[in-house]
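Colleague: Output the structure for:
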Amino acid sequence: MTKPHLYLSRDYDDNLDLFKQELGEGESFDVIVREIEVAERRAALICFDGLIKDDMLTEIMETLFMLTKKQVDRGLNKQIIRSGIPYIEVSSETKIDELLYAVLSGSILLIIDGCKEGFVIDARTYPARGPEEPEIERVVRGSRDGFTETIVFNTALIRRRIRDPKLRIELLRVGKRSKADVGVVYIKDVANPEIIQTIKDKIAAVEVDGIPMAEKSLEELIVPGQIWNPFPKVRYTERPDVAAHHLLEGHVLVIVDTSPSVIIAPVTYFHHVQHAEEYRQTPAVGAYIRWLRFAAVIASVYLTPLWLLFALSPELLPESLAFIGPKEVGHVPLFLQFVLADISLDLMRMAAIHTPSPLATALGVIAALLIGDIAVKIGLFIPEVILYTALVAIGSFCTPSYEMAMANRLARLFILFGTGWFRLPGFIICTVLLFLLLAFTKSFNVPYLWPLIPFNYRALKTILVRSPVPVQNIRPEILQPQDKRRQTGPA
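Modeller: Numbering: from 1, shown residues only. Predicted coordinates:
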């Protein structure tokens, strides 16, 4: 936007014309410019319809009408701020850029003839839904509130759980045109200052018009290196209790306005395969759930490549496991059957996302009949392929992190192609390459496979066995927290 000057002038007409031109008054129907008189001085209230509280604007106008010329002349700025505007969040500003940003964010701007300051009244309200339980992070027992698309609501949900005066929420802006609000949240005397500063610097260095995809766009701009690496280097959550837990460990949260997902950074691979449900049950049950989930995650990557390897190379199997191979291969090669089955599974997943709820049952019937029963009868798939592909899908659904489940799907296809083309050497080489990729991946200088690489027995033990909550209330060493009295692995 082109502005004739950087600061407000004392000329009311110049200021009013400037804001009308910049905000498109007369072109955009939702721009409100209400001219009034304040103590025999011309004034204007400028805002956007739909982003303000109408009743509060009416009350402010009534109070301004009651101000006398003698009161205002005695101390214009002081009188207006302290007694003239009956609202808590009131500030003054002289910079045109800041005043335009305030109006575009939903605040009310008051300009007065003869005053070189504009008064910003933060009486905004956004269209928002109430906190609801996240669809992909459900628990049997536990809180049912979740983050929403409004950043102020999200920070309130965090402060409700962490009533610590050291909790900091710093607001930054991203996007030359969107000017999206981004909150960096951390506990000052717990989180590593270097990690905090690194994240803030990377956000401040972003130079784009906007981030319409909110936190995902921001992640791609601030996460260092390896853009095409499918494994997520930050964790997303829509649960305030999970976010609060990570803050206590020493992580940093990044909240983007208009998104219900909060970024947790830095993280390791093992942060993506743990779930709040493990801590909503007793330690014994929680440990059982964790091990079962680990097995499901491993199966989602290796089950179909292993079965294909043994089916193509039956000599690798002992006599007791000779039943694993298929009796009849069918009309399509086994390798191609698994590839087609994986693609079909992804097609069904995408169709389920775009299918209206009343038709979801019909989609399931179509998938079961056409892809399951009929595909086997005509010889497109053998029953074992359908069985193991279904088990892989269950393993993917058991992965708490949706991003990790998608990355594991690509890893499985990579190993599947290697096994289908080169059999045992292909399986081994692809597995080694995948492990090396994970070993060299970092999340803000935190090794992705910690505490496995570099090895830390004490931290690894807390990952493999779900510890009681009093023991778990400690900091991961890899984050280098300021409070080093109690340290262990991620949760």
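
Colleague: tell me the secondary structure for residue 147?
Modeller: Taking DSSP: H, G, I helix; E, B strand; the rest coil as the rule, one finds residue 147 in the coil state.

Colleague: Wait, it touches residue 257, no?
Modeller: No: judged on CB atoms under 8 Å, residue 147 makes no contact with residue 257 at a distance of 11.3 Å. Using the backbone N, CA and C atoms, a C-beta is placed for each residue, glycine as well.

Colleague: neighbour count winner among those two?
Modeller: Neighbours per residue, other CB atoms under 10 Å: of residue 147 and residue 257, the larger number sits with residue 147, 24 against 21.

Colleague: Tell me how far that one lies from residue 217.
Modeller: Distance from residue 147 to residue 217, counting by CB to CB, to the nearest Å: 17 Å.

Colleague: Just to be sure, residue 255 is in a strand?
Modeller: Yes: the assignment for residue 255, made by three-state DSSP, places it in a strand.

Colleague: Bridged to it, which residues?
Modeller: Residue 255 forms beta bridges with residue 183, residue 262, as assigned by DSSP bridges.

Colleague: Would you map the helices across the stretch 201-350 of the chain?
Modeller: With DSSP state H, counting those that start in this stretch, the ranges of helices along the stretch 201-350 of the chain come out as 215-222, 240-249, 283-312, 334-354.

Colleague: list the helices and strands the helix or strand hosting residue 158 packs on?
Modeller: Counting by DSSP states H and E, the element that carries residue 158 is helix 151-161. Packed against helix 151-161 by the contact rule (3 or more CB pairs under 8 Å, 6 or more residues apart in numbering; DSSP states H and E) you find strand 167-174, strand 180-187, helix 240-249, strand 252-256.

Colleague: Not counting the second one itself, show me its contacts.
Modeller: In this case it means strand 180-187. With contact meaning CB atoms under 8 Å, 6 or more residues apart in numbering, strand 180-187 is reached by 105, 151, 154-155, 158, 162, 164, 166-174, 196, 199-200, 203, 210-211, 214, 218, 243, 247-248, 250-258.

Colleague: Does residue 92 belong to a helix, a strand or coil?
Modeller: Recorded secondary structure, residue 92: strand (three-state DSSP).

Colleague: oh, I was asking about residue 35
Modeller: strand.

Colleague: same check, this time on the one 10 residues further on
Modeller: On the three-state scheme (three-state DSSP), residue 45 is labelled strand.

Colleague: Now find how far off-centre stretch 436-445 is within its chain.
Modeller: With CA atoms, centre = their mean, to the nearest Å as the basis, stretch 436-445 stands 21 Å off its chain's centre.

Colleague: Could you check it and say which residues are buried?
Modeller: Residues of stretch 436-445 classed as buried: 437, 438, 441, 442, 443, 444 (neighbour count, 16 or more other CB atoms under 10 Å).

Colleague: what's near enough to touch the first one?
Modeller: Applying CB under 8 Å, 6+ apart to residue 437 gives the contacts 229, 231.

Colleague: same deal with the third one?
Modeller: Residues in contact with residue 441 (CB under 8 Å, 6+ apart) are 226, 229, 231, 233, 448, 449.

Colleague: which of those are buried?
Modeller: By 16+ other CB under 10 Å, the contacts of residue 441 give 231, 233, 448, 449 as buried.

Colleague: where does the residue nearest to the first one when sequence neighbours are not counted land in three-state SS?
Modeller: Leaving aside its sequence neighbours, residue 231 sits nearest to residue 407 (CB to CB, 6 or more residues apart in numbering; 4.6 Å). On the three-state scheme (three-state DSSP), residue 407 is labelled helix.

Colleague: Looks like residue 407 contacts residue 233 (just checking).
Modeller: No: counting by CB under 8 Å, no contact exists between residue 407 and residue 233, whose distance comes to 10.4 Å.

Colleague: Could you pull up the contacting residues of the residue nearest to residue 465 when sequence neighbours are not counted?
Modeller: Nearest non-adjacent residue to residue 465, counting by CB to CB, 6+ apart: residue 287, 5.3 Å away. Going by CB under 8 Å, 6+ apart, residue 287 touches 278, 465, 466.

Colleague: Could you list the residues in contact with stretch 54-63?
Modeller: For stretch 54-63, contacts defined as CB under 8 Å, 6+ apart pick out 34, 36, 45, 47, 84, 85, 86, 87, 108, 121, 123.

Colleague: Hmm, I typed the wrong one, I wanted stretch 383-402.
Modeller: Here stretch 383-402 makes contact (CB under 8 Å, 6+ apart) with 136-137, 232, 235-236, 272-275, 292-293, 296-301, 303-304, 307, 311, 326, 334, 337-338, 341-342, 345, 372, 375-376, 405, 408-409, 412.

Colleague: The residue nearest to residue 162 when sequence neighbours are not counted - how many residues pack around it?
Modeller: The shortest distance from residue 162 to any residue other than its chain neighbours is 5.3 Å, reached at residue 244 (CB to CB, 6+ apart). Neighbour count for residue 244, taken as other CB under 10 Å: 19.

Colleague: Ok, residue 22 next?
Modeller: Residue 22 sits with 16 neighbouring residues when counted by other CB under 10 Å.
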